[in-house]
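Novice: Using only what follows, build the 3D model:
(chains A and B, ligands or ions: 1)
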Amino acid sequence: MASVRDETFNEISRMLDSYRKSAAPITTETDITRDLNLDSLAVMDLMMELEEKFDISIPLNLVPEIQTVGDLTATIQKIREDA
Amino acid sequence: MSLFDRFKPLIRSHASVKSCGADPFGIRMDRVLSPTEAMIGGRRTILAGTNNYLGLTFDADSIDAAHAALAAFGTGTTGSRIANGSYAGHTDLERGLAEFYGYDHAMVFTTGYQANLGIISTLAGPQDYLIIDADCHASIYDACRLGSATVIRFKHNDARDLDKRLQRLAGTDGNKIIIVEGIYSMLGDQAPLAEIAAVKRKHGAYLVVDEAHSMGVLGATGRGLVEEADVQSDVDFVVGTFSKSLGAIGGFCVSSHPDFDVLRVACRPYMFTASLPPSIVASVLAALKVMRARPELRTKLWTNVDTLYDGLARNGFELGVQKGPVVAVHLPSPEQAIEMWHALLEAGIYVNLALPPATPNNSALLRCSVCAAHSREQLETITETLTEIAFNTGLLETPAKVAFG
Ligand SMILES: Cc1ncc(COP(=O)(O)O)c(C=O)c1O
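Specialist: Below you'll find the model as predicted:
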């Protein structure tokens, strides 16, 4: 049975699919700005999309610490659990 | 990796912008002839890339007052208000601002940037929440980083999104401080302040409005959007600058919070930097008087806004959605914006080139600013030249398309 965390990850990787630079699938290790076609501005837009999707607010203070898709999943998961 | 390696992408992109033949981010004005004209590269150039909305940079009263203060008080204060003392002008200006805005207290800062940095970073403590419009100015973003509060962005000018975000915070401890601007500097649109104020009341939040671009421009007496939208009782803090409509430099905050003055000994961007020189303070006080005594400047500004905005819209340009003294011309690509910016400069017209990431929604803009001192002829020259260049570069399909939609 998939955990809530897996579901969050699956949703996020679906949203990130169009930003992939190579055929390699998105994993928790995927680096958001290095491995994906996202500059710092696009990351901010992505955050807004994720907030919409998960009905949460992602504090700006947390964004610099998010490097990989795994970090992103953990952050969003934590915000959802705390809500 | 060596020290400057991480700037390589920036060096490359700046070089590609400069390759148009001039550096849009390094323009030098050899002489300034009036609020609306300067000599740039040996050419007489119409200025439509300032924030000189009322055209007060050469106001005779302000210049005289600055001269007198320079002679009486010297060139500079050599230190901060806290460590080295205030000059009479500083407190006179603060009294004048509080009275003008109808708040109990005022604090003057050395720049508008520092006013935001100081007020926002100091007001919000570690338990508090800053909820800012996504299109807020860099000084507001930097203030958020300087402080210790949790920072949340809401969708630009979307009071419902703001409401949703405050709803999510319901039940949390900590004050909620909303930050918006009167007029947004790049697209020239205004905050839906009545709706935002209603959301603020609903959630018991605080509201800060940055009137940097709306002071002197909006409201019956030029106080800004707060006055225009008639929501002063909901606005806890107004921040602003003297560098735009008042034609000088400096920043301020007004508020009626009874403990406001404690910020003077708590706010680091106020305490640890030198205060404004007396000549500037005198010039600002004089400009404030002129702004109040001559509402016709505001009327003229808006007549000029109609001339430029309607003229460009009629010719088929895609403009910022809301009419105002910042007229943003949307271009399909940065390359096209750069090309047109350069052609305008060669034709003797200076506007601002605004490119991502400094612009909302990745847009490439020619930001044109309107001044009360622009003549109708100058505004028509801007419209006609821009249209001709757009036609020559293929942006507009017909020389003067009469387009509504
Ligand atoms: C919205 C806004 N706030 C603050 C500032 C900072 O003001 P100043 O340039 O006077 O420091 C600016 C402009 O630079 C601005 O556009």
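Novice: quick one: low-confidence ranges for the chain?
Specialist: Chain wasn't specified; assuming chain A. Filtered on pLDDT under 70, chain A yields the residue ranges A:1-2.
Novice: sorry, should have said chain B
Specialist: Ranges of chain B meeting pLDDT under 70: B:398-405.
Novice: for it, longest helix please?
Specialist: For chain B, the helix that runs over the most residues, judged by DSSP state H, is helix B:296-314.
Novice: Which residue ranges of chain A form helices?
Specialist: Going by DSSP H, chain A shows helices at A:4-16, A:40-54, A:69-82.
Novice: The last one close to chain B?
Specialist: No. Using CB under 8 Å from any CB of the partner chain as the criterion, no contacts between helix A:69-82 and chain B are found, and the smallest distance is 9.4 Å. Just so you know, the C-beta spots here come from the backbone N, C-alpha and C atoms, and that holds for glycine as well.
Novice: quick one: contacts of that helix?
Specialist: Helix A:69-82 is contacted by residues A:4-5, A:8-9, A:12-13, A:16, A:26-30, A:32, A:50, A:54, A:56-58, A:62, A:65-66 when judged by CB atoms under 8 Å, 6 or more residues apart in numbering or on different chains.
Novice: rewinding a little: what's the next secondary structure element after the longest helix of chain B?
Specialist: With elements assigned by DSSP states H and E, the helix or strand that comes after helix B:296-314 is strand B:326-331.
Novice: doesn't A:S57 make contact with A:M47?
Specialist: No. With contact defined as CB atoms under 8 Å, A:M47 does not reach A:S57; the gap is 9.6 Å.
Novice: Now B:N392: closest residue in space that isn't a chain neighbour?
Specialist: Distance criterion CB to CB, 6 or more residues apart in numbering or on different chains; nearest residue to B:N392, sequence neighbours excluded, is B:A343 at 7.8 Å.
Novice: Would you tell me which of the helices of chain A gets closest to B:P35?
Specialist: Set against B:P35 and scored by CB to CB, the helices of chain A come closest in helix A:40-54, at 34.0 Å.
Novice: Point out the other elements, helices or strands, that that closest one touches.
Specialist: helix A:4-16, helix A:69-82 (3 or more CB pairs under 8 Å, 6 or more residues apart in numbering or on different chains; DSSP states H and E).
Novice: So B:V199 belongs to a helix, correct?
Specialist: Yes. Looking at B:V199 with DSSP: H, G, I helix; E, B strand; the rest coil, it is inside a helix.
Novice: Pull up the gap between the closest residue to it other than its chain neighbours and chain A, please.
Specialist: Closest residue to B:V199 apart from its sequence neighbours, by CB to CB, 6+ apart: B:D163 at 4.7 Å. Distance, B:D163 to chain A, using CB to the nearest CB, to the nearest Å: 12 Å.
Novice: Count the residues that sit near B:D163.
Specialist: With neighbours defined by other CB atoms under 10 Å in any protein chain shown, the count for B:D163 comes to 18.
Novice: Surely it touches B:R201?
Specialist: No. B:D163 is not in contact with B:R201 according to CB under 8 Å; the separation is 11.1 Å.
Novice: For residue 18, which residues are in contact?
Specialist: Here I'm looking at chain A. Under the criterion of CB under 8 Å, 6+ apart, the contact list for A:S18 is empty.
Novice: my bad, the chain I had in mind was chain B
Specialist: B:P24.
Novice: go on, B:T381?
Specialist: Here B:T381 is in contact with B:I46, B:I349 (criterion: CB under 8 Å, 6+ apart).
Novice: Doesn't it belong to a helix?
Specialist: Yes. Under three-state DSSP, B:T381 sits within a helix.
Novice: what separates it from B:G171, distance-wise?
Specialist: 58 Å (CB to CB, to the nearest Å).
Novice: Let me see the domain layout of chain B.
Specialist: Chain B breaks down into these domains under automatic domain parsing: B:9-47+B:295-392, B:59-293.
Novice: so B:L312 touches B:E384, yeah?
Specialist: No. Assessed by CB under 8 Å, B:L312 is found out of contact with B:E384, at 10.3 Å.
Novice: So for those two, which sits in the more crowded spot?
Specialist: Neighbour count, other CB under 10 Å: between B:L312 and B:E384, B:L312 has more, with 22 against 15.
Novice: circling back to that earlier point, elements contacting the longest helix of chain B?
Specialist: strand B:326-331, helix B:376-392.
Novice: swap the cut-off to 6 Å and go again
Specialist: helix B:376-392 (3 or more CB pairs under 6 Å, 6 or more residues apart in numbering or on different chains; DSSP states H and E).
Novice: and the helix it packs on, how far from the chain's centre?
Specialist: 25 Å (CA atoms, centre = their mean, to the nearest Å).
Novice: which SSE is B:R95 in?
Specialist: Under the criterion of DSSP H and E, B:R95 resides in helix B:88-101.
Novice: Need the CA coordinates for that helix. CSV is fine.
Specialist: The C-alpha coordinates for helix B:88-101 follow below in CSV (Å, rounded to 0.1, in the frame of the first residue of the first chain):
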residue,chain,number,x,y,z
ALA,B,88,15.9,70.2,13.4
GLY,B,89,14.9,69.4,9.8
HIS,B,90,14.5,65.7,10.5
THR,B,91,11.9,66.2,13.2
ASP,B,92,10.2,69.0,11.3
LEU,B,93,9.9,66.6,8.3
GLU,B,94,8.5,63.8,10.5
ARG,B,95,5.9,66.2,12.0
GLY,B,96,5.0,67.3,8.5
LEU,B,97,4.6,63.8,7.2
ALA,B,98,2.5,62.6,10.2
GLU,B,99,0.2,65.6,9.8
PHE,B,100,-0.1,65.2,6.0
TYR,B,101,-1.0,61.5,6.3
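Novice: Many thanks, have a good one.
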